[in-house]
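Undergrad: Sequence first, then the predicted structure:
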Amino acid sequence: MKKVSLSLPIYAGVIEVSRITISTKKTAYEQLLACGQRYTDLYENRPISAIPGIQSARKLFRSLDIEPTKQRPSSEAMLRRFLKGKDTCSVNTLVDISNWCALDFLLPNGAYDSHKILGNIQLRKGLPGEQYHGLNHQDIHLEGRFTLADDRGPFGSPITDSERTCVENSTSEVISIVYAPLDFNKDRLREHLHQYADRITYFCGGIVNHIGIIDGSKEIDADNL
């Protein structure tokens, strides 16, 4: 099990699943599309700020000194794509599940290949000169910004993750992190984590090794699996 630590006023939900099998089947992607359609049917003509749940990710970003109207949480960015009728694409079953959960819960998350992570994980501010090549094919400059880092350096953030630790079809073990503000209901966050884990095992198989919620540098809530 990876040790995850942070010294920030937020929650981080952590899920670790091993022995998964990832494919290019679009079964989870179809669930993502259905979720997006439900939002469109309900809220297409309403201000996005009025959609229930949208303010949680915005509050999370403000806790990290990020202005969410300038840098959108990944969950809100995906919701905006659906409401504007823009295309989305399927990557693989695990990434599609993560996108589905981000949209469904309206909380940003990241999914990473555990075997590509060296040592433990810390959510911290980026140091001078730190950057990585993001999944958006751009260099992400991290100085002064919050980032997930292992012993090799930064690899993820609540905005855009890196290519270095990305989930691929060969990935057999994944660690997913869901971000939430401190006033988010902990029971509801725990429910989201279990839904996320259940979706992984349903579409990818595997064994859930750990589900927990971290507040600051300590784990305050963990399931004994």
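TA: Here it is on my side, so go on.
Undergrad: Tell me which helix or strand comes right after the longest helix seen in the chain, heading toward the C-terminus.
TA: Using DSSP state H, we find that the single longest helix of the chain is helix 186-204. Using DSSP states H and E, the next helix or strand after helix 186-204 towards the C-terminus is strand 207-215.
Undergrad: what angle do that next one and helix 186-204 make?
TA: 150 degrees (axes from the mean of the first three to the mean of the last three Cα atoms, to 10 degrees).
Undergrad: which of the residues in strand 207-215 are buried?
TA: Residues Val208, Asn209, His210, Ile211, Gly212, Ile213, Ile214, Asp215 are the ones in strand 207-215 that count as buried (16 or more other Cβ atoms under 10 Å). C-beta coordinates here come from the backbone N, C-alpha and C atoms, glycine included.
Undergrad: looking at the sheet around the third one, what are its partners?
TA: According to DSSP bridges, Glu16 are recorded as the beta-bridge partners of His210.
Undergrad: if we can go back for a sec, and the longest helix of the chain, what other elements does it pack with?
TA: strand 10-18, helix 27-43, helix 93-105, strand 173-181, strand 207-215 (3 or more Cβ pairs under 8 Å, 6 or more residues apart in numbering; DSSP states H and E).
Undergrad: Rounded mean pLDDT for the first one, please.
TA: Read it as strand 10-18. Averaging pLDDT along strand 10-18 yields 95.
Undergrad: Using CSV, write out every CA atom in it.
TA: This file holds the C-alpha atoms of strand 10-18, laid out as CSV (Å, rounded to 0.1, in the frame of the first residue of the first chain):
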residue,chain,number,x,y,z
ILE,A,10,-8.7,19.3,1.9
TYR,A,11,-9.8,15.7,1.9
ALA,A,12,-8.1,13.1,-0.3
GLY,A,13,-9.9,9.9,-0.9
VAL,A,14,-7.6,7.0,-1.8
ILE,A,15,-8.5,3.8,-3.6
GLU,A,16,-6.0,1.0,-4.4
VAL,A,17,-7.0,-1.9,-6.6
SER,A,18,-4.7,-4.7,-7.9
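Undergrad: In this structure Ser74 contacts Ile159, no?
TA: Yes: counting by Cβ atoms under 8 Å, Ser74 does reach Ile159; the two are 6.4 Å apart.
Undergrad: Name the residues contacting each of the two.
TA: Common neighbours of Ser74 and Ile159, counting by Cβ atoms under 8 Å, 6 or more residues apart in numbering, are Pro108.
Undergrad: hmm, back to that, save the buried residues of strand 207-215 as TSV, and put in pLDDT too.
TA: As requested, the buried residues of strand 207-215 are arranged in TSV below (pLDDT from 0 to 100):
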residue	pLDDT
Val208	97
Asn209	96
His210	95
Ile211	95
Gly212	93
Ile213	93
Ile214	90
Asp215	84
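Undergrad: From those, pick the one nearest Lys3.
TA: Lys3 lies nearest to Ile214 out of the buried residues of strand 207-215, by Cβ to Cβ, at 9.8 Å.
Undergrad: With Gly134 as the reference, measure out to the closest one.
TA: Distance, Ile214 to Gly134, using Cβ to Cβ, to the nearest Å: 24 Å.
Undergrad: And Asp41, by the same measure?
TA: 32 Å.
Undergrad: Looking at these two, which has the bigger crowd around it?
TA: Taking other Cβ atoms under 10 Å, Asp41 and Gly134 do not tie; Gly134 has more neighbours (18 against 8).
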